[in-house]
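J.: Here's my sequence, what's the structure:
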Amino acid sequence: MPKYVIERDVPGAGAASSEQLKYDAKESNAVLRDLGPDIQWLESFVTDDKIYCVYIADSADVIREHARCLDVPATRISAVRAVNDPSNAA
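T.: Numbering: from 1, shown residues only. Below you'll find the model as predicted:
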């Protein structure tokens, strides 16, 4: 399945407590279970006013549906075309 990076505009995201992040993860996981095997959340990076999420999904449409069900923005959905890291320099 393709991999995607989702950019979410969430003002104040970086101030979220660990309890809030735990709650958000539980809610997301519940929606993911309902959506089935066509989508998998890998990880998210929380910054001051944005959250960047990495998903594996059949399509961007199922990611949009996940965001709609959670009532969270999916400001930009970008398909990953390649992965690069320091080991590629060897």
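J.: residue closest to the middle of the protein?
T.: Computing the C-alpha centroid of the chain and ranking residues by Cα atoms, centre = their mean puts Cys53 first, at 2.8 Å.
J.: what's the helix or strand for it?
T.: Assigned by DSSP states H and E, Cys53 belongs to strand 50-57.
J.: Packing partners of that strand?
T.: strand 3-9, strand 39-46, helix 60-70 (3 or more Cβ pairs under 8 Å, 6 or more residues apart in numbering; DSSP states H and E). (C-beta placed from N, C-alpha, C; glycine too.)
J.: mind redoing it with 6 Å?
T.: strand 3-9, strand 39-46 (3 or more Cβ pairs under 6 Å, 6 or more residues apart in numbering; DSSP states H and E).
J.: if we can go back for a sec, ok, the residue nearest to the centre of the chain touching Val5?
T.: No. Checked against Cβ atoms under 6 Å, the pair Cys53 and Val5 is beyond contact range at 7.2 Å.
J.: Alpha carbons only: can I get whichever helix in the chain runs longest in PDB?
T.: The single longest helix within the chain, with elements called by DSSP state H, is helix 18-35. Output of helix 18-35 as PDB, limited to C-alpha atoms (Å, rounded to 0.1, in the frame of the first residue of the first chain):
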ATOM      1  CA  SER A  18       0.100  13.600  27.400                       C
ATOM      2  CA  GLU A  19      -3.500  12.700  28.500                       C
ATOM      3  CA  GLN A  20      -4.900  14.600  25.500                       C
ATOM      4  CA  LEU A  21      -2.500  12.800  23.100                       C
ATOM      5  CA  LYS A  22      -3.500   9.500  24.600                       C
ATOM      6  CA  TYR A  23      -7.200  10.300  24.200                       C
ATOM      7  CA  ASP A  24      -6.700  11.400  20.600                       C
ATOM      8  CA  ALA A  25      -4.800   8.200  19.800                       C
ATOM      9  CA  LYS A  26      -7.600   6.100  21.300                       C
ATOM     10  CA  GLU A  27     -10.200   8.000  19.200                       C
ATOM     11  CA  SER A  28      -8.100   7.600  16.000                       C
ATOM     12  CA  ASN A  29      -7.600   3.900  16.600                       C
ATOM     13  CA  ALA A  30     -11.300   3.400  17.000                       C
ATOM     14  CA  VAL A  31     -12.000   5.000  13.700                       C
ATOM     15  CA  LEU A  32      -9.200   3.000  12.100                       C
ATOM     16  CA  ARG A  33     -10.800  -0.200  13.300                       C
ATOM     17  CA  ASP A  34     -14.100   0.800  11.800                       C
ATOM     18  CA  LEU A  35     -12.500   1.700   8.400                       C
END
